[in-house]
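Colleague: take this sequence and fold it.
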Amino acid sequence: MSATPVETRPAAGAQTLERGLLVLVALADHPGGLTTSEAARVVRVHRSVAHRLLTTLVGTGFAERDDSGRYRVGSGLLSVADRSRPRLREAAEPVLTRLAAELGATACLVEVAGDAAVATVVVEPPIDGPRLSYRVGNRDPLDQGAGGLAALASKPAMTGEPERVSEVRRAGYACTSGEVMPGSYGVAAPVHCRRTVTPASVTVITHRQDLVEPAISLVVAAAAEISTLLEG
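Modeller: I've put the predicted structure just below:
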């Protein structure tokens, strides 16, 4: 007589872990934060379950609760993520330093963080005179500006992605004008590496239109060099 198949269910601990991770992802997808009820709705669990999970995440530093009762990603998660990223930033800095000096323009590494393009390494050119003000931690919309578009293009093609991202992936670089700052030009190229946790790009920002064309090949080469360093 054959045995009757037994339906397997995830152990309680595994289910709790899975739900906790889903809540964490939901917080990362909502930089403005989520209330307990909103988190429960996004993850599709009872409000009491969401409350327990959020309380645990706050207790471990992976989430933070503000005075209005909204939860956001906490410093604990950022710390864990940063441990996997230093190699990317360490590889990028000397390459960006050479690029900034060669072009006489600000060069940066832009990474995707939630729904924003964030500058994580910024190198200003070693020249006198006026220059664009751009700093580490600067956040721009992902769908505006060369840096965000090129960073998105570093990921595999996705159904429904913006056509601009597909165009950047085909061309190998992005050029924009006045999208992030009035009067500025951006040139960016995707950093392609299977080992990077976060989609990223090499970006040059300048107020000089005459630098755009010569910057394209140099930016593409810089992104390729960083990718090679990471893969190596």
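
Colleague: wait, doesn't residue 28 sit right on residue 114?
Modeller: Yes. Using C-beta atoms under 8 Å as the test, residue 28 is close enough to residue 114 to be in contact (5.8 Å). No exception for glycine: its C-beta is placed from N, CA and C like everyone else's.

Colleague: ok, and the closest non-adjacent residue to residue 229?
Modeller: Residue nearest to residue 229 in three dimensions, not counting chain neighbours: residue 91, with 4.3 Å by C-beta to C-beta, 6 or more residues apart in numbering.

Colleague: ok, now how distant is that neighbour from residue 189?
Modeller: For residue 91, the distance to residue 189 under the criterion C-beta to C-beta, to the nearest Å works out to 15 Å.

Colleague: the two: who's more crowded?
Modeller: A direct count of neighbours by other C-beta atoms under 10 Å for residue 91 and residue 189 places residue 189 higher, at 32 against 22.

Colleague: for the more buried one, give me its contacts.
Modeller: If a contact means C-beta atoms under 8 Å, 6 or more residues apart in numbering, then residue 189 has 150, 172, 173, 174, 201, 202, 219, 220, 222, 223, 224 as its contacts.

Colleague: in the chain, what residue spans correspond to helices?
Modeller: Using DSSP state H, the helices of the chain run over 12-29, 36-43, 47-59, 75-83, 86-103, 146-153, 163-171, 212-231.

Colleague: which pair in the contacts of residue 189 spans the largest distance?
Modeller: The two members of the contacts of residue 189 with the most space between them (C-beta to C-beta) are 174 and 224, at 15.1 Å.

Colleague: so which of the two has more stuff around it?
Modeller: The residue with the greater number of neighbours, taking residue 174 and residue 224 and applying other C-beta under 10 Å, is residue 174; the counts read 28 against 17.

Colleague: residues contacting the more buried one?
Modeller: If you count contacts by C-beta under 8 Å, 6+ apart, residue 174 has them with 146, 147, 149, 150, 153, 164, 168, 186, 187, 188, 189, 201.

Colleague: tabulate those (JSON lines), appending distance to residue 15 and pLDDT.
Modeller: Putting these into JSON lines (distance: C-beta to C-beta, whole Å; pLDDT from 0 to 100) gives the following:
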{"residue": "146", "distance to residue 15": "43", "pLDDT": "95"}
{"residue": "147", "distance to residue 15": "39", "pLDDT": "95"}
{"residue": "149", "distance to residue 15": "38", "pLDDT": "96"}
{"residue": "150", "distance to residue 15": "39", "pLDDT": "96"}
{"residue": "153", "distance to residue 15": "36", "pLDDT": "94"}
{"residue": "164", "distance to residue 15": "40", "pLDDT": "93"}
{"residue": "168", "distance to residue 15": "40", "pLDDT": "96"}
{"residue": "186", "distance to residue 15": "45", "pLDDT": "95"}
{"residue": "187", "distance to residue 15": "47", "pLDDT": "97"}
{"residue": "188", "distance to residue 15": "42", "pLDDT": "97"}
{"residue": "189", "distance to residue 15": "43", "pLDDT": "98"}
{"residue": "201", "distance to residue 15": "38", "pLDDT": "96"}
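
Colleague: nearest to residue 18, of these?
Modeller: Distance from residue 18 was checked for each of the contacts of residue 174 by C-beta to C-beta. The minimum falls on residue 153, at 30.9 Å.
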